[in-house]
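**Student:** make a model of this:
(2 chains)
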2 protein chains.
Amino acid sequence: MKDFPLLLKSVLYRATTVFSDQEIVTKTGAKMKRYTYLEMAARIAQLAHALDEWGIEPGTHVASFAWNHHRHLELYFAVPCSGRVLHTVNIRLSAEQIVHTINHARDKILFIDEDLVPLFAPLAANLHTVERYVILTDSLTVDVPLPNAISYEAFLQGHATTYEFPDFDEHTPAILGYTSATTGEPKGVIYSHRGLYLHCLSCMTGMLAVDERDVTMPIVPMFHVNAWGRPYTEIWAGAKLVMPGVRPTPADLADLIQQQKVTFSAGVPTVWMGVLEHVRAHREDYDFSHVRLLLSGGAALSQSLTKAYQEELGVTLFQGYGQTETSPVSFVNYPKKRYAALQGDEVYDIRAKTGLLVPGLEMKLVDEAGNTVPHDGVTRGELLLRGPWVIDSYYQAPEETKAAFLDGWFRTGDIATVDEDGYMQIVDRTKDLIKSGGEWISSVDLENVLMSHPDVVEAAVIGVPDEKWQERPLACVVVRADKREHVTSEVLRAYLVEKVAKFWVPDTFVFVDEIPKTSVGKFAKKQLRAQYRSDLH
Amino acid sequence: MKDFPLLLKSVLYRATTVFSDQEIVTKTGAKMKRYTYLEMAARIAQLAHALDEWGIEPGTHVASFAWNHHRHLELYFAVPCSGRVLHTVNIRLSAEQIVHTINHARDKILFIDEDLVPLFAPLAANLHTVERYVILTDSLTVDVPLPNAISYEAFLQGHATTYEFPDFDEHTPAILGYTSATTGEPKGVIYSHRGLYLHCLSCMTGMLAVDERDVTMPIVPMFHVNAWGRPYTEIWAGAKLVMPGVRPTPADLADLIQQQKVTFSAGVPTVWMGVLEHVRAHREDYDFSHVRLLLSGGAALSQSLTKAYQEELGVTLFQGYGQTETSPVSFVNYPKKRYAALQGDEVYDIRAKTGLLVPGLEMKLVDEAGNTVPHDGVTRGELLLRGPWVIDSYYQAPEETKAAFLDGWFRTGDIATVDEDGYMQIVDRTKDLIKSGGEWISSVDLENVLMSHPDVVEAAVIGVPDEKWQERPLACVVVRADKREHVTSEVLRAYLVEKVAKFWVPDTFVFVDEIPKTSVGKFAKKQLRAQYRSDLH
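**Tutor:** Sure, this is the predicted structure:
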């Protein structure tokens, strides 16, 4: 008991012992690549042998630069289970950030999707440590402008299909990821086997639980925070996996949900907005009645979006919360039984709460002086987290670590309340409050109210300088395509004035087609500020 | 992340932070004692302070001798979370075994139910280490024939209602239990904080998962294998708990399920038979349509029982499997989706399988030489288990440890098959096969076939000496009260001959009112053998 380490190979063990003929399907162009858990395990073994043969030492950083597909899944197991560390490079970072993270991680070998080679090739000359490239493609041969390149299938070919994965310390690093960095350089986060094991076990409980009867589709990218742990979690539970493959469009995702009879899927709000807009435009083509639950995370889920899914598609879209630093899941929305009888919009009031703390973590709300504030649903504080899958330092970044941690607690940078029912609600970012005439205005609150308008698809609120009030809110709004003529500044102003303090109502509404986003789907407020502050002055 | 220990206080943390006003109700005579998680936590804090004040050092063994109720639950948290070890003494052991286990554990203080004092008092003089007694009763004063006795309520009185539970090594012992010992002396099993934490997290997944909307009733006793981890699991998940209290009868349990609107409960087959018989006799008084799932474990669940629950009460009764040495849960029956379309008795064929391995454990089937045998649904082997909540030694018992473990694997002593779908099926005990004319007969198979007869309530098969065949099977059978005239040896012989090899059909059927059981509800075959071998010779 004492000496039995918590390692990711436990996931693979149960998957192949109990669910050996369960399927994993990957969208590959117009076709679906299909194989079983057992066939996956055979290829994972081959991959581990190939890494051995190439002399890739235990502890070596092995990079991936890839979408969600079966080969990436094989890397997710073979690399850490054989004692190496998988650095999942975020393909949506800027070119400079991509180069920075690979050099910072000192990756020795990089596995890359064939279709990403054109994007990546110009950067190769700036990489200091990468010695070889393995191209994720069906072909056995490759012709790419990268040095020492081999096809993944050729790399695997001929190797034995079983592998004795070793035992080692459960604190051994398994995955290395970098934050999406709204400020400064991306920071590295090391996930240990133990941390991922515990995170996944916690993600197998409550609203996040799936089982062998489920068909799950992790839309959230495997190049960012382990796709929220979904692939490991879903395989541990024995579910059928649908991998959306290379550059899925909203139409692709809607089609996969429909054709593969997906019952559980996870993605950011932007993805769910895209799927909704597509389905609305082709209503007669889709019937989502087989869908059990859709998880939204990475940014706040608006009431209008969850309402649209429920009322137009009959599907429950619910939210979770987390960060790169927390593996990521820390809160999941769950309607307590006292709310079972709610009707109409009250249902969505509950769904709009960020969520309940998952089993295993601890939370704290603190004021600016670091004092704990009460859980009364009103008092705001910065949300701090700790637990077995919350990191306590950044990878080789002592200064950044110092700034982000407080007595072993991770400072999320989010301002939250916790009510007496235990529901945590994010109300703002520490650096995202607007100070108008000495009073605080919450941009997140304003966004939520704007997005509760049935015709508003997205809304981002920023502070812009003001001579009289120091700062005033400005709202960037995306309106449903078929309602753009009707939803004017006056309409929104009238809507808001019913719901928030009068001085909160933005002076300016900017109507846009799309709100710029960070690599992981959060509103890119830095970019908005740069644009609208200068536009106005 | 690395330094965050897996401790049972995490369960209490989430319970009181997220589900503070959830209820725990305990049957106390004709009344129900009710309080919230938060009120429970306050009393747990008082109990920890009281233990401190009495100078009970960290690591001290603290015994409980009690039924399932709120005070026992408080001991489950206060004792281990404050660094002591709770020895849950099995009240159903023999007097000698009770004395042996308490002396062997060197318990310093014993918490005992008031109604168990008469049973226990005669043993007190033989205990070498117990210095004080705390009587679990509503009264503030007690008058009992035990030295240094105090009422639990007086023990708690006046202490502070908050307590800072310390951090310590997650491998620290939390609970000490003893096996029910069908042979030899009971053996001690230490559960660490880490082991229980991981076991409970695994028990929050799949078929065992409950949530805040559930009303759960752990019938399985808290004096044996932590009531299968249910109390910890259910409180971590935020469920409403119903504790059946002192000496619950089948009528009490049926009434609690009905009145408290229980949705999930766990008990041994004998309990479920008793509840069924009671409900059958008072059919108009019960409606169990609110019940979501009933878990049966500790002994094989017969097809006739699960069928009766489904068809007479509309309730799914499913089985799990485990041992004292495995915390206990290792397998849970779960119908894979390919069986969703099954109709009629085929449904119960699937439910009769022992189950699928839970996330986190590893299994192996070995032949007599210790070689692994295949998972083909046919080849039998002894089932070995290992994992983070499977022990690797008995408490201070090196000889017993040597006999029960093989290269770090726990030898369950059960003979099993595993089919290609991953379903494990117990087919016999290593010491429970019957050898007739050089051929093996499986007593467990025979029992299962007998118990699939709609009028057979229970059946136990043993081998008895035979001059010609060396050994022949003898079946002890309990028939439904209203069918006793009709179900004769001839009827059962005719039933069996259709279903098993002719030489398997027992020569003798003994009709009894009840089959003797061990302290945890397993058939007491040793006792049957002693009785019928001598009766016949």
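**Student:** and the pLDDT at the closest residue to chain B within the stretch 1-150 of chain A?
**Tutor:** Per Cβ to the nearest Cβ, residue A:18 is where the stretch 1-150 of chain A lies closest to chain B, at 3.6 Å. The C-beta positions use only the backbone N, C-alpha and C, and glycine is treated the same way. On pLDDT, residue A:18 comes in at 98.
**Student:** my read: it touches residue B:422, true?
**Tutor:** Yes - counting by Cβ atoms under 8 Å, residue A:18 does reach residue B:422; the two are 3.6 Å apart.
**Student:** what sits in contact with each of these two?
**Tutor:** B:356, B:357 (Cβ atoms under 8 Å, 6 or more residues apart in numbering or on different chains).
**Student:** contact partners for the residue of the stretch 1-150 of chain A closest to chain B?
**Tutor:** A:238, B:356, B:357, B:422.
**Student:** what about the second one, distance to chain A?
**Tutor:** From residue B:356 across to chain A, the span is 5 Å (Cβ to the nearest Cβ, to the nearest Å).
**Student:** I'd guess that residue is in a strand, am I close?
**Tutor:** Yes - membership of residue B:356 in a strand is supported by DSSP: H, G, I helix; E, B strand; the rest coil.
**Student:** that one: neighbour count?
**Tutor:** 25 (other Cβ atoms under 10 Å in any protein chain shown).
**Student:** repeat that for the last one.
**Tutor:** The burial count assigned to residue B:422 is 25, neighbours taken as other Cβ under 10 Å.
**Student:** surely it forms part of a helix?
**Tutor:** No - counting by three-state DSSP, residue B:422 is located in no helix; its state is coil.
**Student:** so who does it touch?
**Tutor:** So residue B:422 contacts A:17, A:18, A:19, A:20, B:356, B:357, B:375 (Cβ under 8 Å, 6+ apart).
**Student:** go with 6 Å
**Tutor:** A:18, B:356 (Cβ atoms under 6 Å, 6 or more residues apart in numbering or on different chains).
**Student:** now it. Its backbone dihedrals?
**Tutor:** phi 90, psi 0 (degrees, to the nearest 10).
**Student:** the first one now?
**Tutor:** With angles defined as degrees, to the nearest 10, residue A:238 sits at phi 90, psi 20.
**Student:** go ahead and confirm it touches residue A:20.
**Tutor:** No - Residue A:238 lies out of contact with residue A:20 (Cβ atoms under 6 Å); the separation is 9.8 Å.
**Student:** those two: which is more packed in?
**Tutor:** Neighbours were counted for residue A:238 and for residue A:20 using other Cβ under 10 Å; residue A:238 has more, 25 against 18.
**Student:** distance check, the more buried one against residue A:22.
**Tutor:** As judged by Cβ to Cβ, to the nearest Å, residue A:238 and residue A:22 stand 6 Å apart.
**Student:** likewise for residue A:241?
**Tutor:** Distance from residue A:241 to residue A:22, by Cβ to Cβ: 8 Å.
**Student:** and the pLDDT at the most far-flung residue of chain A relative to its centre?
**Tutor:** Most distant from the centre of chain A: residue A:468, at 39.9 Å, with distances by Cα atoms, centre = their mean. pLDDT for residue A:468: 77.
**Student:** cool, and residue A:248?
**Tutor:** On the pLDDT scale, residue A:248 gets 96.
**Student:** what does the longest helix belonging to chain A rub up against?
**Tutor:** Longest helix of chain A, by residue count under DSSP state H: helix A:37-53. For helix A:37-53, the external contacting residues (Cβ under 6 Å, 6+ apart) are A:15-16, A:19-20, A:22, A:24, A:74, A:77-78, A:82, A:155-156, A:159-163.
**Student:** now stretch A:218-228
**Tutor:** A:68, A:72, A:88, A:90-91, A:175, A:177, A:230-231, A:244, A:265-267, A:271, A:324, A:328, A:520.
**Student:** could I get the average pLDDT for it?
**Tutor:** For stretch A:218-228, mean pLDDT rounds to 96.
**Student:** go on, stretch A:364-373?
**Tutor:** Here the average pLDDT along stretch A:364-373 is 94.
**Student:** got the buried residues for it?
**Tutor:** Neighbour-count burial for stretch A:364-373 flags A:364, A:365, A:366, A:373 (criterion: 16 or more other Cβ atoms under 10 Å in any protein chain shown).
**Student:** what residues does the stretch 301-450 of chain A have near chain B?
**Tutor:** Taking Cβ under 6 Å from any Cβ of the partner chain as the contact definition, the stretch 301-450 of chain A meets chain B at A:336, A:337, A:356, A:357, A:359, A:387, A:388, A:390, A:391, A:392, A:422.
**Student:** go again with 7 Å.
**Tutor:** A:336-337, A:356-357, A:359-360, A:362, A:386-392, A:422 (Cβ under 7 Å from any Cβ of the partner chain).
**Student:** among the residues you listed, name the ones in strands.
**Tutor:** A:356, A:357, A:362, A:386 (DSSP state E).
**Student:** by neighbours, which of these wins?
**Tutor:** residue A:356 (25 neighbours).
**Student:** separation between that one and residue B:41?
**Tutor:** Taken as Cβ to Cβ, the span from residue A:356 to residue B:41 is 17 Å.
**Student:** okay then, goodbye and thanks.
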